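# just coords:
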């Protein structure tokens, strides 16, 4: 390659990498995988080393991330710079890293290292003065980040106050979304027809950068911490291993795991062990971080413009494969939502053969611009669920076919309803919905029919004894005795549990019936608002939108289901069977008309206290307003306390709240709170 050819390619790579930095760090909407990004950056770095005259201080190889969007969050300058990490992909590259250390220090290894699991999340910096948390920010470009303090404070494990620490202290770590929370969030977004996140890292970034901390609080974010910025010298710590133990002692979560190793070969042993363990980790890990253990060597080696010379990210192999989309099948879920499933040429990925991949909904497919016959790049989202990363459009031949959505349910032929980008079968008698509907109806948080397991549901459907949940209440002992593993006593027990389920109340019934978008919380809100199934069935769109946590798409979906003749017939038959259609009576109205908001840490679980207040007729909200009766203040309160003072809202300590409860109810606290 000539110098001029190299110059053109370097400029092209820099523009491309800056574009992807902006998408990744600022918009949380990457277009390429981490592995593809690493390849681009590696190519640029290699060209700059081969042609030193092309090096530039504004090159992405000399910078960290991208500048934050100033219109969204307040920019905040880090007291000391935050760095990225150089990457290694092979043992030879780790050996080369150790050789560079040997040359720089003028002595032979092997050296002692601390090796840490590399969580794929969002880097953050916490700044403390006098042991009090002042602010928290994202890394941004390493010098300036975005202040996201209120959103960080929704993470319950994050310390607000510290003792025995340097007067000015920066604690650095990673905010991440556990795989289970990521899959749950995407399922909820998909159910509402909203855009899903491509991976846990982007889900964490998008959740931490929400303008409303209440949304962040519901996303299940976690944090893990691994180093200090300002205050490291004053801490008196001597090794990275001791630093991690010190962080744990001070109350910081250190959830990513770490081990000691000697030399490149020792690092490789830890790397191989964690690579094998990768599928079992509760978070997405894309490698290990290798750090010289002795902190004094950090000071000797220092930093490049972009990364420390004493640390390295040793990346796991990319879990991505190319294959072809052969066909698309349409499946019907419990709520009737139609899910397109891509049928692939089988490919081995992440320890198993993958031949099917979820395509989520119409909006997702439009964004991908995917067609039957396309070559696609697939991976496992959260290390679990096969998913299409992108379509390889450059490999199209012109023979690819568009994906056509069915107008009728592929199982029962009922006309499909369209809710935004989601297609749904409203027929409660749809065969594909029956098994899942029965299983959900009997589940513990719904109608709690413990004896109705999956195998028994299959048998009841197979024998034609039930078609839907209303048929459960028509079962007799003679129907059950003789079924596999069902004797007379088992039959009596099951019938008793079915009978008891009639009295669970409207809240549990609404959740059990699987109304679109209605989980436990929304079922409770609907039951509290309408009180009776009849009132709910006659509700208008405007009335549904008044209910807490009901958005327009969910309201319209609920309304269409409530008006559907098949659903109304199901409700009629449940009512005739004696199933309770009214909300459970509250324990009292001692706090009726009062509205509470809670801030800070309480001695009892917050949800328990909220449930108590609601049982006594009070309203509990997340935001302080002029209508708030009392702000309950626990340890380490947030900004809600300042807002309450500004609005003149009265405050109560936890003890004062419980005294109020005793005064209003005339009962001892032990009689109204669970033991």
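Done, it's in. Since the model is a prediction, treat every value here as computed from it, not as a measurement.
# residue boundaries of the strands in the stretch 51-200 of the chain?
Along the stretch 51-200 of the chain, counting by DSSP state E, counting those that start in this stretch, strands occupy 75-77, 87-88, 112-119, 122-129, 132-138, 144-146, 168-176.
# now do the fifth one and strand 122-129, the angle between them.
Just to be clear, that refers to strand 132-138. Orientation note: strand 132-138 sits at an angle of 160 degrees relative to strand 122-129 (axes from the mean of the first three to the mean of the last three C-alpha atoms, to 10 degrees).
# what residues of strand 132-138 count as buried?
With burial defined by 16 or more other C-beta atoms under 10 Å, the residues of strand 132-138 counted as buried are 133, 135, 136, 137, 138. (Each C-beta comes from the backbone N, C-alpha and C, glycine too.)
# any idea how far residue 78 is from the nearest residue to the second one once chain neighbours are set aside?
The reference is to residue 135. Closest residue to residue 135 in three dimensions, ignoring its sequence neighbours and counting by C-beta to C-beta, 6 or more residues apart in numbering: residue 149, at 4.9 Å. The spacing between residue 149 and residue 78, counted by C-beta to C-beta, to the nearest Å, is 14 Å.
# list residues touching both of the two?
Residues touching both residue 149 and residue 78 by C-beta atoms under 8 Å, 6 or more residues apart in numbering: residue 137.
# re the thing from before, please name the residues that touch the residue nearest to residue 135.
Residues in contact with residue 149 (C-beta under 8 Å, 6+ apart) are 133, 135, 136, 137.
# residue contacts, the third one?
Meaning residue 136. Contacts for residue 136 (C-beta under 8 Å, 6+ apart) come out as 124, 125, 126, 127, 147, 148, 149, 152, 153, 158.
# who does it form a beta bridge with?
On the basis of DSSP bridges, residue 136 is bridged to residue 126.
# quick check: it vs residue 645, distance?
Residue 136 is 23 Å from residue 645, by C-beta to C-beta.
# remind me, longest helix of this structure?
Longest helix of the chain, by residue count under DSSP state H: helix 3-21.
# contacting residues for residue 226?
Contacts of residue 226 (C-beta under 8 Å, 6+ apart): 116, 172, 173, 174, 244, 247, 254, 256, 289.
# ok, the strand or helix carrying it: who's next to it in the sheet?
Here residue 226 sits within strand 222-228, counting by DSSP states H and E. In the sheet, strand 222-228 lines up against strand 168-176 (antiparallel) (DSSP bridges).
# ok, residues contacting the partner strand?
By C-beta under 8 Å, 6+ apart, the surrounding residues in contact with strand 168-176 are 78-80, 82, 119-129, 152, 155, 162, 200-201, 204, 208, 221-231, 247, 252, 256, 283-284.
# let's go with 7 Å and repeat that
For strand 168-176, the external contacting residues (C-beta atoms under 7 Å, 6 or more residues apart in numbering) are 79-80, 82, 119-129, 200, 204, 208, 221-231, 252, 283.
# which one of the contacts of residue 149 is nearest residue 484?
Distance to residue 484 across these (C-beta to C-beta) is lowest for residue 136, with 57.4 Å.
# quick one: average pLDDT of stretch 389-396?
Across stretch 389-396, the average pLDDT comes to 91.
# the nearest residue to residue 237 once chain neighbours are set aside and residue 309: what is the separation?
The shortest distance from residue 237 to any non-neighbouring residue, by C-beta to C-beta, 6+ apart, is to residue 243 (4.9 Å). Separation of residue 243 from residue 309 (C-beta to C-beta): 18 Å.
# which one of the contacts of residue 136 is nearest to residue 573?
Nearest to residue 573, judged by C-beta to C-beta, of the contacts of residue 136 is residue 153 at 48.8 Å.
# wait, the closest one sits on residue 638?
Yes. The pair residue 153 / residue 638 is scored as a contact, 5.3 Å apart, by C-beta atoms under 7 Å.
# so for these two, which sits in the more crowded spot?
Looking at residue 153 and residue 638 with other C-beta atoms under 10 Å, you find the greater number of neighbours at residue 153, namely 21 against 16.
# how about the contacts made by that one?
residue 638.
# kindly state the domain boundaries assigned to the protein.
Taking automatic domain parsing as the reference, the chain has its domains at 3-62, 86-315, 321-409, 426-585, 595-672.
# can you pick the most crowded of the contacts of residue 136?
Counting neighbours by other C-beta under 10 Å, the top entry in these is residue 148, with 26 neighbours.
# show me the contacts for the closest residue to that residue other than its chain neighbours.
Nearest residue to residue 148 in three dimensions, chain neighbours excluded: residue 208, at 5.5 Å (C-beta to C-beta, 6+ apart). Contact analysis of residue 208 by C-beta under 7 Å, 6+ apart lists 122, 148, 151, 175, 216, 221.
# lowest-confidence one in those?
residue 216 (86).
# and the nearest residue to residue 483 once chain neighbours are set aside, which of the three is it?
Among residues not flanking residue 483 along the chain, residue 459 sits closest, at 5.3 Å (C-beta to C-beta, 6+ apart). Recorded secondary structure, residue 459: helix (DSSP: H, G, I helix; E, B strand; the rest coil).
# tell me how far residue 459 lies from residue 573.
Counting by C-beta to C-beta, the gap from residue 459 to residue 573 is 22 Å.
# same question, residue 330
Residue 330 is 29 Å from residue 573, where distance means C-beta to C-beta.
# could you report the neighbour count for the spatially closest residue to residue 409 that is not a sequence neighbour?
Closest residue in space to residue 409, ignoring its immediate chain neighbours: residue 425 at 3.9 Å, by C-beta to C-beta, 6+ apart. By other C-beta under 10 Å, 25 other residues sit near residue 425.
# my guess is residue 425 contacts residue 414. True?
Yes. Between residue 425 and residue 414 a contact is recorded at 5.5 Å, counting by C-beta under 7 Å.
# okay, which residue is most central for the chain?
By C-alpha atoms, centre = their mean, the chain has its centre lying nearest to residue 182, at 3.2 Å.
# wait, what's in contact with the residue nearest to that residue when sequence neighbours are not counted?
Nearest non-adjacent residue to residue 182, counting by C-beta to C-beta, 6+ apart: residue 200, 4.2 Å away. Counting by C-beta under 7 Å, 6+ apart, residue 200 touches 120, 176, 177, 179, 182, 283, 284, 382.
# over to residue 5?
Residue 5 makes no contacts at all, as judged by C-beta under 7 Å, 6+ apart.
# go on, residue 431?
Counting by C-beta under 7 Å, 6+ apart, residue 431 makes contact with 411, 412.
# mind running it again at 10 Å?
Shown in contact with residue 431 (C-beta atoms under 10 Å, 6 or more residues apart in numbering): 332, 409, 411, 412, 461, 467.
# so the fourth one is in which element?
Think residue 412. Using DSSP H and E, residue 412 falls within no helix or strand.
# nearest spatial neighbour of it, skipping sequence neighbours?
What sits nearest to residue 412 in space, not counting adjacent residues and going by C-beta to C-beta, 6+ apart, is residue 430, at 4.2 Å.
# go ahead and confirm residue 541 touches residue 547.
No. Using C-beta atoms under 10 Å, residue 541 is not in contact with residue 547, being 11.2 Å away.
# need the overlap of contacts for these two.
In contact with both residue 541 and residue 547: 555, 558, using C-beta under 10 Å, 6+ apart.
# circling back to that earlier point, so the residue nearest to residue 409 is in contact with residue 415, correct?
Yes. With contact defined as C-beta under 10 Å, residue 425 counts as touching residue 415 (8.5 Å).
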